[in-house]
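J.: using only what follows, build the 3D model:
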Amino acid sequence: MNSKRILTVIVFAQFCCTSLWFASNAVINPIIESFGLPGNALSILTSAIQLGFITGTLLFAIFNVADRFPPSKVFFVCAFLAAILNLGITLPQNTLFSLFGLRFSIGILLAGIYPIGMKIASDYFEAGLGKSLSFLVGALVLGTAFPHIISNTIDAALWKQVIIYTSLLATLGGVLMLFLVPNGPYRIASSSIKLSLFATIFKSTKFRQTAFGYFGHMWELYTFWAFVPVILSYYSNSQNIPINVSLWSFVIIASGSLACVFGGYISERTSTKSTTLVALALSGFCCLLSPLILSTSSVIVVMVFLIFWGMVVIIDSPLLSTMVAKNASAKTRGTALTIVNCIGYSLTILSIQLLALLSQHISIKYIFVILSIGPILGVISLLKIKN
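T.: Below you'll find the predicted structure:
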């Protein structure tokens, strides 16, 4: 199979499996009603999967899983187990505690899907890695948004179908990766556990500054995604304008998939660093501008703004991952990516919970200003990198 077909399979498998990420978020209201959950279940269950992902990436990094074992097999096992656990959400006796446990466990297994997918891509593509990862992260974005469009086409009473469909998709993605994507030509296997990697990988100034840029990006990204339905519901209620929250949540989040691909091509014509800096600056500007935009009565202005924000908030993600991968040793690249993911996703827990807390005391339209801290610090860190 040639490299283009390999990339197509990797991208499609990533899309299928990452649909598990926000599967419960897309049907959170009927889940709350079905199980009698508290109103803050959205932030709790979103944090559960993020915390699970953090735990998973930490374990994968400690045991050097991404570099010691065939990555396609790791991807399949994690996808299959995550699909089974996802089905557990439909069980009638669930409580907030059991749902937290299921989402937490799925998050652990996603650590064997998203970073491993990037590792597989880096094993196949040295030249054009930025563009390849742009397609891969684009698939992650589309997978993240996909449950919202399923939810839009299914009656709320049939919310379990959304969970079933995402589990079937994840299984399909794992099978495709297992049978159609062998070890890449640039893979260098590591046979030992190296706990020292946690300290040594950050000794490189370029790696450290790139990683800090990624951390700033992550402070904003998943919190924005998690709160898109909240933003839409708030605007609909405050302006008394009917909005299809599921449909527009899909459109806003999914717009980022095209932005990722577009950003990959732009970075080849300019540079990865400059494209990343522009994207970070624009998403930070959106954070600062959000109170003004959400106060307007023009639904067109708000939707265009949110779609634009949905694009610039993710366009730099594959580019930052490319910079991280290129500044890491080929022998430990998978683990380096996993460690950076672990720390980055840890920050998402803090930002999600902070905004959930602020939303209880401050109008929704003002709280997103605090997300600008991440992009601002990210830009400062990346500007320190010498070409």
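J.: my guess is residue 72 contacts residue 123. True?
T.: No: Residue 72 is not in contact with residue 123 according to CB atoms under 8 Å; the separation is 9.7 Å. Where you see a C-beta, it was placed from the backbone N, CA and C, and this is true even at glycine.
J.: show me which of these two is the more surrounded one.
T.: Taking neighbours as other CB atoms under 10 Å, residue 72 and residue 123 compare with residue 72 leading, 25 against 22.
J.: can you list the low-confidence ranges for the stretch 1-150 of the chain?
T.: Applying pLDDT under 70 to the stretch 1-150 of the chain picks out residues 1-2, 126-130.
J.: repeat that for the stretch 251-387 of the chain.
T.: For the stretch 251-387 of the chain, the stretches with pLDDT under 70 are 329-332, 334, 387.
J.: what do you get if the cut-off is 80, keeping everything else the same?
T.: Applying pLDDT under 80 to the stretch 251-387 of the chain flags the ranges 325-338, 341, 386-387.
J.: can you give me the helices for it?
T.: In the stretch 251-387 of the chain, the helices defined using DSSP state H, counting those that start in this stretch lie at 272-293, 299-312, 317-326, 333-358, 364-367, 373-383.
J.: and the angle from the third one to helix 272-293?
T.: Think helix 317-326. With axes from the mean of the first three to the mean of the last three CA atoms, to 10 degrees as the basis, helix 317-326 and helix 272-293 are set at 150 degrees to each other.
J.: contacts for helix 317-326, please.
T.: Under the contact criterion CB atoms under 8 Å, 6 or more residues apart in numbering, helix 317-326 has outside partners 118, 122, 129-130, 133-138, 207, 210-211, 213-214, 217, 221, 260, 263-264, 267, 272-273, 275-276, 279, 333, 336-337, 340.
J.: quick check: PyMOL command selecting the buried ones in those residues.
T.: To isolate the buried ones among those in PyMOL, judged by 16 or more other CB atoms under 10 Å, type:
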select buried, resi 118+122+129+130+133+134+135+136+137+138+207+210+211+213+214+217+221+260+263+264+267+272+273+275+276+279+333+336+337+340
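J.: mind listing which of the contacts of helix 317-326 are in strands?
T.: Among those, no residue falls in strands (DSSP state E).
J.: which elements pack onto the lengthiest helix in the chain?
T.: What stands out as the longest helix in the chain, according to DSSP state H, is helix 205-239. The contact analysis (3 or more CB pairs under 8 Å, 6 or more residues apart in numbering; DSSP states H and E) places helix 205-239 against helix 41-62, helix 245-269, helix 272-293, helix 299-312, helix 317-326, helix 333-358, helix 364-367, helix 373-383.
J.: buried stuff in the third one?
T.: It stands for helix 272-293. Buried positions in helix 272-293, judged by neighbour count with 16+ other CB under 10 Å: 272-273, 275-284, 286-287, 290, 293.
J.: if we can go back for a sec, what's the most buried one of the helices and strands packed on helix 205-239?
T.: helix 317-326 (a mean of 26; mean count of other CB atoms under 10 Å).
J.: would you mind putting the CA coordinates of stretch 216-223 into CSV?
T.: What follows is stretch 216-223 as a C-alpha-only set of coordinates in CSV (Å, rounded to 0.1, in the frame of the first residue of the first chain):
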residue,chain,number,x,y,z
GLY,A,216,-1.0,27.4,25.8
HIS,A,217,-3.0,26.1,22.9
MET,A,218,-4.5,23.2,25.0
TRP,A,219,-5.6,25.6,27.7
GLU,A,220,-8.2,27.0,25.2
LEU,A,221,-9.0,24.2,22.8
TYR,A,222,-11.1,21.5,24.7
THR,A,223,-12.8,24.0,26.9
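J.: now tell me what touches it from outside.
T.: Applying CB under 8 Å, 6+ apart, the set of residues contacting stretch 216-223 is 46, 50, 280, 283-284, 287, 313-314, 316-317, 320, 344-345, 347-348, 350-352, 355, 371-379, 381.
J.: for the longest helix of the chain, what is the average pLDDT?
T.: The predicted model assigns helix 205-239 a mean pLDDT of 91.
J.: measure how it sits relative to helix 317-326, angle-wise.
T.: Using the same axes, to 10 degrees: helix 205-239 against helix 317-326 is 160 degrees.
J.: residues in contact with the residue sitting furthest away from the middle of the chain?
T.: The C-alpha centroid of the chain is most remote from residue 240, which lies 31.6 Å away (CA atoms, centre = their mean). Neighbour list for residue 240: empty [criterion: CB under 8 Å, 6+ apart].
J.: and it, what are its phi and psi?
T.: With angles defined as degrees, to the nearest 10, residue 240 sits at phi 60, psi 50.
J.: gap between residue 221 and residue 347?
T.: 10 Å (CB to CB, to the nearest Å).
J.: can you check residue 386 too?
T.: Going from residue 386 to residue 347 by CB to CB gives 26 Å.
J.: quick one: list the elements packing against the host helix or strand of residue 4.
T.: Take DSSP states H and E as the rule and residue 4 turns out to sit in helix 3-18. With contacts taken as 3+ CB pairs under 8 Å, 6+ apart, helix 3-18 sits against helix 71-87, helix 114-124, helix 129-153, helix 160-180.
J.: just name the most buried of these.
T.: Mean neighbours per residue, mean count of other CB under 10 Å, is largest over the helices and strands packed on helix 3-18 for helix 114-124, with a mean of 27.
J.: now do that one and helix 160-180, the angle between them.
T.: 30 degrees.
J.: give me the residues contacting helix 114-124.
T.: With contacts defined as CB under 8 Å, 6+ apart, helix 114-124 is touched by 3, 6-7, 10, 13-14, 17-18, 53, 57, 60, 66-67, 71-72, 74-75, 78, 129, 132-133, 136, 140, 177, 181, 183-187, 321, 325, 333-334, 337-338, 341.
J.: for stretch 163-176, same thing?
T.: With CB under 8 Å, 6+ apart as the test, stretch 163-176 has contacts from 9, 12-17, 19-20, 23-24, 27, 75-80, 82-84, 86-87, 89-90, 146-147, 150.
J.: which single one of the buried residues of helix 272-293 is nearest to residue 303?
T.: Closest approach between the buried residues of helix 272-293 and residue 303, by CB to CB: residue 293, at 10.2 Å.
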